Each structure stands twice: as structure tokens, then as C-alpha cells.
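Colleague: fold the following and give me the result.
(chains A and B)
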Amino acid sequence: MSNLFDLLVAGLATGAIYALVAVGFTLLWQTSQTINFAQGEFVMLPAFLMLAAMHVGAPFWLAIILGILLSMILLGLAFKLLLVDPMMRHGVLPLAIATMALAIGLKEAVKQFFSAEASPFPSIVPTGDISILGHAVSLQSIGVLVVAILAVLGLTTLLNRTSLGHQMQAAAQNPTVARIIGVPVERMILLTFLINAFLVALASLLITPIYLAKFSSGEVLGQAAFIAAIVGGFNQVRGAIAGGLLIGVLDNLAAAYVSTQYRAAVPMIFLIAVILFRPQGLLGRAEERTV
Amino acid sequence: MIRFGKPLKIALGLIVIAGLIVIPMNFNRYGLFILSQWAVMSIAAMGLNLTLGYAGQVSLAQGAFVGIGAYAAAIMTTHGWPLPAAILVAIALSFAVGWVLGYPALRVQHHYLAFVTLAFSTLAFLVFRNESWLTGGIYGISNIPRPHVFGIATNKPLPFYYVCLGTLAIVSLAVWWLIRSPWGRAFMALRENPLRAQSLGVDTRRYTLMAFAIGSALGGVAGALYAPLTQYIDPVPFNLSLSLDLLMMVIVGGAGFFFGPFLGAMIAVLLPEWLRFTEGYYLMLYAVAVMLLLIWSPTGILGILDRYLAERRTKAASALRAVAKSRLETAQ
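Modeller: As a prediction, this is how the structure comes out:
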């Protein structure tokens, strides 16, 4: 029983990270039909930007700020202007392929300019355990969970409670009508790219202390986030959050109760089942079929 | 009007084929390996081009089928079976699995299908890695023999390159015939407008499954050649990134163009080699090159050529029209 509790907490903590990454993924899909196959690499890069800032002597807090700002410029602004904008009119597939190439490029750039080895990364949460209900729970798990939940709450408040958020949703749901009623659709799309960049930088900050900074660490994370987004509902922010938490917990439980060898298979089989029986995702709205 | 006439096309084709046969004769071992790899990847990409380019189904599982073919060939040939038998089994196996994988394609489309196939590709990788009683697990299968063809041993790189090239030629002819057959036209009808295809009496279910199964079977053929080519296989080369690479090859070369996969595989296999002088930067440059190409021409390299020829044709046509018009005017 104690084991189950620990597994749940650890699962929710990794799930919260998946949720952060998946939310950004669904935001990009909703506003600009961008399937970003480099989303995992987008999480990998900010940690290295922060490490680079620390290498030239910046203190940790400054490195965090610089890392977040740089990732918003590179992974938000530059990504949109240099890759997504010129490719938007060509449809989903070529853009998806271009982001695959981008993923290769980012991985190789980090490997080449930084290091092929895994580097340690300082944690913003102190290490150690605290006792909850008689269970030793790592502070890191709690910290990750809390920060991720705060970020997601902040985002949903922005989307649902503010005029800016309403404009963003309008731009995502029906760009033509949004444009007619005076929503600056282009600016809203850019904003979602910046938010995505911010979320991946945050995820990077939270997850890298646990798994180390490695050029290849984006592969697993990107895949987990895709699964989370699809399982929860591709067109729903809350779907991505639920999907992220679900996949995190499922992954941890599978490792303990199914088999370590096939742990990665459990979320996959779950994904196939969801797509076959409820293609719009567990919480998603059904999109009208184009066919 | 400047158009490639049929004799010119045939002559060009013969020159390329002759080049592929003659020039590698004085290549070193490594050059021949790379070229054989190009032939093998072209076969796999051609299969994916059928599924994606002609039938319009996005699949991220082609790498898994190459793996299925490779393991089938490796297991059978190390147990003393001849390679042709192994190739037949690889075809049958990947055809059957591809057929089953086609069922989700009947229900879901586009990106959902991409993710179902992505999941399948990861599952296949796990099976290759974990079922060590069959696949050797992470230690893989080594000492995969190369076949005797017409009594000639193909242990040396050059003869085996010809085995790969010969298979590529056979597969190319088969695909060439297929896309010109009613089946190929049904595939294209499926891609352009599934609803209309159905109303015209195309059995969409059957052809979707067929497109998947035939495409996958070609992946199996490529795998069955890959195993004796490298003579050692483990699960790593058949992970998701191979599927992504193959997808990139098809799109970069030009999806839906017959020669697209050849060019795409050439770029994916040879370009990193040519860029090797840049040391560690070559994959980065490759990635940038792919992005730039796709921004410039989302329909791939053959898309550029296609557009260029179309423009020439329209220009020539409008020039003719202008001449005709001025003649009319002078006549008046």
C-alpha cells in the first residue's frame, strides 16, 4: 500500500511535467495546426541554455531568467517566424517533417557545441524527503508537482478569465470570425508560441535536475507528451493536463506492476486503444471529420 | 516546346543504370556499403511512398517493418535457410502485419494515424529488444550469412552490392507496374478524394488495407537485405528514428513521385557522408538543408523539377498563343 502511494506521487510529478509539455503542444496545434515533432528537444534545449549562462559566470537565478528569455526568443519567436510561418500554407505534413529535421538539428547542435555526455543540473527545489501521512516523499517530486500545477492554473486562468485569454481562444477556434470581430489573430498566435516556449523552459528547469541534461533526453519526453496530448484530447488544454497526469501515473504503475521490460508498452497500448475507440481523446471534443 | 521526349528519358535511365553498375566497381569497401545501404533504403522508402504518396496514409511504422524483415532474414539464414526463402517469409510477415495495422487507418486519419503507427513502431522495438529467445535481445544476431546467387558467393562487398541493386531493380519494376495498374489508380483516387473514390465503386476498405500491406511488405524486403548487408543486427537501427528518417526521405525526395524515394534515400544516406568532412557538424547541416528545402519546396526535390517543367510548359504555351495572336492581328 505504501508502495502504491509513493508510485502515485512520483507518477503525478512526472505526469505534471508531461502535462506542461503537452499543453504547449496542443496550444500550437489549436492556433496554427503545427504538429511540433521537436517538442521534446524544445524541453532539452533550455537546460543547456541555462548551463551555458552559468558557464560564463551567471548565478543560477540569472541563468534561469536568461534561459527562459532565450528559449522564448529561439523556440517561440524564431521558430514561428523562420520555420512555421513560411511553411504554414503548405499544410500539416511538410511542416511536421520540418520539425523532425529541427529536432535532429537541435540535438546535434547541443551534442556538438556543448557535450555528448550527461551534465548535472542544479535543482530549484532542495533535495531530501518530507513525511506525509507517514510516507517519505521526496521534496523534488512535491516541488515539481506544485510548480507545474501553479503554471497550469496560471495558464487556464489566463485562457478562461481574462480578455486576452478569450481572444486567444477565439483566434484558435475560428480565426476568420475572430478577425472580423477585431481580434489581432496574428498576435494571438505569436503569443501561443511564446507561451509554449515558456512552458517548455519551465518543464526543462523542473525535470533536468532529476534526469540530468543530455542532448538525447528530448526523445522520450517528446513522445510521452504526444501520447498525453492525444489521450487527453488533442484540442483541449484540460485534456492535455489530464492526459499528462494519467500517462505519468500509468508509466510509474506499469514499471512496478507489469514488467520493467515492457513498461514503455503500456502507455502505447493505452494510446492505440484510445485512438481506436475515442479518437477525439478522453476529454476532447469531436472534430468534424474532413472525410 | 522543350520536353523530355521518351527516347531521351530511356537513354537517361540507361545511363544512370549503367553508371550504377560500372562506377562502383572501383569503390572501396565503405563506399560500396553506403551505396548498398542507399539501394536498401530506396526499397523501404518506395514502400512508404506507396502508402503515403499514392494512398495518402501517413505511417510512422516503416522502420518497424524493415526491422521485421531484418529479423526474419537474420533468424532464418542463421538457421540454414536460403535468403530467397527468408525474403518470401519477410514479405508475407510484414504484409500480414501491415494489413492488420491498416485497420486503424480505416477509422482514424492524418495525425491520429501517424500516432497509432508511431506507437506500433515503439512496440515493435520493445519486442525486438525483449524477446531475446528469438531476437537475441540487446546482443542482437551476428554472423548473418550472405547468399549465393547462381552459385556465386556474395561475401565480398561488390557482389552483394549487385544483389541489392538487382533487388532494387526488381522492386522498382514491380512498383512501376503497380502504380500504372488499376490498383495504383485506385490508390491515387483514395488519396485525392476518398468519398468520391467510394462513390465510383472503389472498395476503400480493401484498398486502404492493401496500400498499407504492400507498402509494409516492401519495408520487409528492405529489411531482409539489410540483415545480410550489415551481417549483424540489434534492435537499435529499427527504432522510431528509422521510421522518421524514411518518412523524411519520401517527403524530401517528393511524395507521390515515382523517383522521389530514390532521391530522398540518396540525400538521407549520401548527403551526411559527403558532409562528413565537416566532422561533427554534418547531421546539423543535413537538418538545416532539409528544413530549407522544405520551406522552398514542400513537395520535395521532384516538386521543384515538376514546377519548373510545368512553368516551362505554360511559358511555351503562352508564347505560342502570343505568336498566334500577333499573326491574327497582322492578318487583319
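Colleague: just the helices in chain A please.
Modeller: Using DSSP state H, the helices of chain A run over residues A:2-32, A:39-55, A:60-71, A:85-87, A:92-113, A:139-161, A:163-173, A:175-180, A:185-211, A:218-232, A:237-257, A:265-277.
Colleague: does chain B have contacts with the shortest one?
Modeller: Just to be clear, that refers to helix A:85-87. Yes. Using C-beta under 8 Å from any C-beta of the partner chain, helix A:85-87 comes into contact with chain B via A:86-87. C-betas here are computed from N, CA, C, even on glycine.
Colleague: and the contacts of that helix?
Modeller: A:94-95, A:98, B:294-295, B:298 (C-beta atoms under 8 Å, 6 or more residues apart in numbering or on different chains).
Colleague: tell me, how many residues neighbour residue 132?
Modeller: By default, I'm working from chain A. A:Ile132 has 11 neighbours, counted by other C-beta atoms under 10 Å in any protein chain shown.
Colleague: chain B was what I was after
Modeller: Neighbour tally, B:Ser132, other C-beta under 10 Å: 13.
Colleague: now do it against A:Ile68, distance only.
Modeller: Going from B:Ser132 to A:Ile68 by C-beta to C-beta, to the nearest Å gives 45 Å.
Colleague: with B:His111 instead?
Modeller: From B:His111 to A:Ile68 the distance is 29 Å (C-beta to C-beta).
Colleague: what does B:Leu263 give?
Modeller: 41 Å.
Colleague: convert the C-alpha atoms of stretch B:47-58 to CSV, please.
Modeller: Once non-C-alpha atoms are left out, stretch B:47-58 reads as follows in CSV (Å, rounded to 0.1, in the frame of the first residue of the first chain):
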residue,chain,number,x,y,z
GLY,B,47,7.1,1.1,-50.0
LEU,B,48,6.3,4.1,-47.8
ASN,B,49,5.8,6.2,-50.9
LEU,B,50,3.0,3.8,-51.9
THR,B,51,1.3,4.1,-48.6
LEU,B,52,1.9,7.9,-48.2
GLY,B,53,2.5,9.4,-51.6
TYR,B,54,0.0,7.3,-53.6
ALA,B,55,-2.6,6.3,-51.0
GLY,B,56,-2.2,9.3,-48.7
GLN,B,57,-1.9,7.4,-45.4
VAL,B,58,0.7,8.8,-43.0
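Colleague: point out where chain B drops to low pLDDT.
Modeller: Residue ranges of chain B with pLDDT under 70: B:1-4, B:332.
Colleague: can you pull out the strands in the stretch 151-300 of chain B?
Modeller: Secondary structure of the stretch 151-300 of chain B (DSSP state E, counting those that start in this stretch): strands located at B:152-153.
Colleague: so which bits of it are right by chain A?
Modeller: B:194-195, B:240, B:244, B:247-248, B:251-252, B:280-281, B:283-284, B:286-288, B:290-291, B:294-295, B:298-299.
Colleague: swap the cut-off to 10 Å and go again
Modeller: By C-beta under 10 Å from any C-beta of the partner chain, the part of the stretch 151-300 of chain B that sits against chain A consists of B:193-195, B:198, B:204, B:239-241, B:244-245, B:247-248, B:250-252, B:255, B:279-300.
Colleague: among the residues you listed, which are located in helices?
Modeller: Checking these against DSSP H, those in helices are B:194-195, B:198, B:204, B:240-241, B:244-245, B:247-248, B:250-252, B:282-296, B:300.
Colleague: show me what contacts A:Leu7?
Modeller: A:Leu7 makes contact with A:249, A:251-257 under the criterion C-beta atoms under 10 Å, 6 or more residues apart in numbering or on different chains.
Colleague: same check, this time on B:Gly300
Modeller: A:94, A:97, B:53, B:248-257, B:260, B:263-264, B:267, B:293-294, B:306.
Colleague: got the contact list for stretch A:154-173?
Modeller: Contacts for stretch A:154-173 (C-beta under 10 Å, 6+ apart): A:20, A:23-24, A:26-32, A:177-179, A:181-189, A:191-192, A:195, A:198-199, A:235, A:237-238, A:241.
Colleague: also near chain B: which of the residues you listed, exactly?
Modeller: A:Trp29.
Colleague: which intervals of chain A have sub-threshold pLDDT?
Modeller: For chain A, counting by pLDDT under 70, the residues that fall below are A:1-2, A:285-291.
Colleague: list the contacts of the spatially most central residue of chain B.
Modeller: Residue closest to the average C-alpha location in chain B (C-alpha atoms, centre = their mean): B:Ala45, at 1.4 Å. Applying C-beta under 10 Å, 6+ apart, we find B:Ala45 in contact with B:52-53, B:62, B:218-219, B:222, B:245-253, B:255, B:260-266, B:268.
Colleague: one more time with 6 Å, if that's ok
Modeller: Counting by C-beta atoms under 6 Å, 6 or more residues apart in numbering or on different chains, B:Ala45 makes contact with B:246, B:249-250, B:261, B:264-265.
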